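Colleague: Sequence below, structure please.
(2 chains)
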Amino acid sequence: MDSAIALIILGGAIAAALLFAILRFLRIYREIQARRNGLDDKETRTAFRNKKCKTLVVLGSGGHTSEMLHMVSQLDTSRYDPIVYIVADTDHTSIQRLQANPELHKNDTIVHKIPRSREVGQSFTSSFITTIYALIHAIVLTIQIRPELVLCNGPGTCVPVILGAWLIRMAGFPCQFLFCESFCRVETLSLTGKLLYPIVDCFIVHWQELHQKYPKSHLSSTFVVNQNQQ
Amino acid sequence: MGRTLFVTVGTTLFDKLVLSTSSPEALQWMLANGFTRVIIQYGKGVEPSIPKDQAAGFEKIETYRFKPTLEDDMKAADMIISHAGAGTVMEAMRMEKHLVVVINTLLMDNHQAELANAMGSRKHIFVVKEPDDMQRFEIWDEFNTFTPIPYESGDNQDFPRIVDNLVGFGSKKDK
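Modeller: Numbers count the residues shown, from 1 in each chain, chains lettered A, B, ... in the order given. Purely as a prediction, here's the structure:
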């Protein structure tokens, strides 16, 4: 069994190295092209955008989903289109909630399901393999979707998606990641938040207490909007 | 006309809250205080059993596990007793509801208490710090008479603005 794990790790390392090399090559190629067209990489990313932005939304579960759906419903759909969703395949409530919202869930809305990394009661070795499988599945799916913007707010499901999005950017395609910490985090970050804080382009918190501890974050004046002002 | 009480635990397991709001004593308290419609959303927990004779006097007693959206039940409620889920707290603030949050002290990483306490200390909601406190009906009287301070609204253009700036929309005038 140990040798099987060693083999998986070795295979993974070789695959990662190959992927890295390909991505570097792609990136250099795209940079040369961009320079030929008189645009540098930074400009292509932050210049005024007049085309639509392909957006990937990762739905977490429970409260994370409510917060995310509320945020997405505030976006201008003439700018953020199409909006593609990723949901864990065991999370039926999130899918139902999305489908119950006719503003967000149109006939052509695409919802991708990704496998959970482990089920309760799984042995260590088998959960190791399923975790790797879930990770690769999420990364490949993200690369296939090739979003220009990734919105996530935890929990863990969004980490492999961000990894995939990061690979897309390594390949030279513009892609921005936004993580929004849960409204219920007043003084401490979630584990996912701590992991993603150094990586994401935009990190949103809702409380002054957290903003002071994490100065790179954006302090949002909160998403709670009273009924009469909506 | 009677009032409506909505109990919700979201997607969590919180039997203590469900049991303490479906007990004979609790139902008595509700009738005595004019709550004749009760809806209990019990989530992952055990379905509460309410004998027929105890349901006498109520216009409606409804219990269910999940619904795709709780919006209608929240809207209809005069008072909401809830777990500390951020979604429920936000939704209730948005609807300017009378909200009582019971902290689930059995949760290991109880970060939810952070939000509830932050809202509680600003008097937007009433916080019950221990599920066992729900056994004492003085606390029911206390939260029943509690007058919440309305939550000051945030700016609903805040999030779209942050995202627009991030991807390059709306930076026209900066250029």
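Colleague: Sketch out the strands for chain A, chain order is fine.
Modeller: A:53-58, A:80-88, A:111-114, A:149-152, A:176-180, A:202-205, A:218-219 (DSSP state E).
Colleague: residue ranges with poor pLDDT in chain B?
Modeller: B:108-110, B:170-175 (pLDDT under 70).
Colleague: partners of A:Tyr85 in the sheet?
Modeller: A:Val57, A:Val111 (DSSP bridges).
Colleague: hang on, it packs against A:Lys106?
Modeller: No - at 11.7 Å, A:Tyr85 and A:Lys106 do not qualify as touching, with contact defined as Cβ atoms under 8 Å. Bear in mind the C-beta positions are built from the backbone N, C-alpha and C, glycine included.
Colleague: Would you mind telling me which of these two has more residues around it?
Modeller: When neighbours are counted by other Cβ atoms under 10 Å in any protein chain shown, A:Tyr85 and A:Lys106 differ, and A:Tyr85 comes out ahead with 22 against 10.
Colleague: Would you mind measuring from that one to A:Ile143?
Modeller: 17 Å (Cβ to Cβ, to the nearest Å).
Colleague: Let me have the strands of chain A in TSV, adding mean pLDDT and distance to A:Val186 as columns.
Modeller: Shown next, in TSV, are the strands of chain A (pLDDT from 0 to 100; distance: least, Cβ to Cβ, whole Å):
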stretch	mean pLDDT	distance to A:Val186
strand A:53-58	94	23
strand A:80-88	92	26
strand A:111-114	90	30
strand A:149-152	94	20
strand A:176-180	94	15
strand A:202-205	94	9
strand A:218-219	92	12
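Colleague: Tabulate those strands (a markdown table), appending distance to A:Ser3.
Modeller: What follows is the strands of chain A, written out as a markdown table (distance: least, Cβ to Cβ, whole Å):
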| stretch | distance to A:Ser3 |
| --- | --- |
| strand A:53-58 | 35 |
| strand A:80-88 | 32 |
| strand A:111-114 | 29 |
| strand A:149-152 | 37 |
| strand A:176-180 | 37 |
| strand A:202-205 | 41 |
| strand A:218-219 | 48 |
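Colleague: Now the closest residue to B:Ile103 other than its chain neighbours: which helix or strand?
Modeller: Excluding the flanking residues, the one nearest B:Ile103 by Cβ to Cβ, 6 or more residues apart in numbering or on different chains is B:Ala113, at 5.1 Å. In the assignment (DSSP states H and E), B:Ala113 maps to helix B:112-121.
Colleague: for that helix, which positions count as buried?
Modeller: B:Gln112, B:Ala113, B:Glu114, B:Leu115, B:Ala116, B:Asn117, B:Ala118, B:Met119, B:Gly120 (16 or more other Cβ atoms under 10 Å in any protein chain shown).
Colleague: these two touch, right, the third one and A:Val186?
Modeller: Yes - look at B:Glu114 against A:Val186 with Cβ under 8 Å: they come within range, at 4.2 Å.
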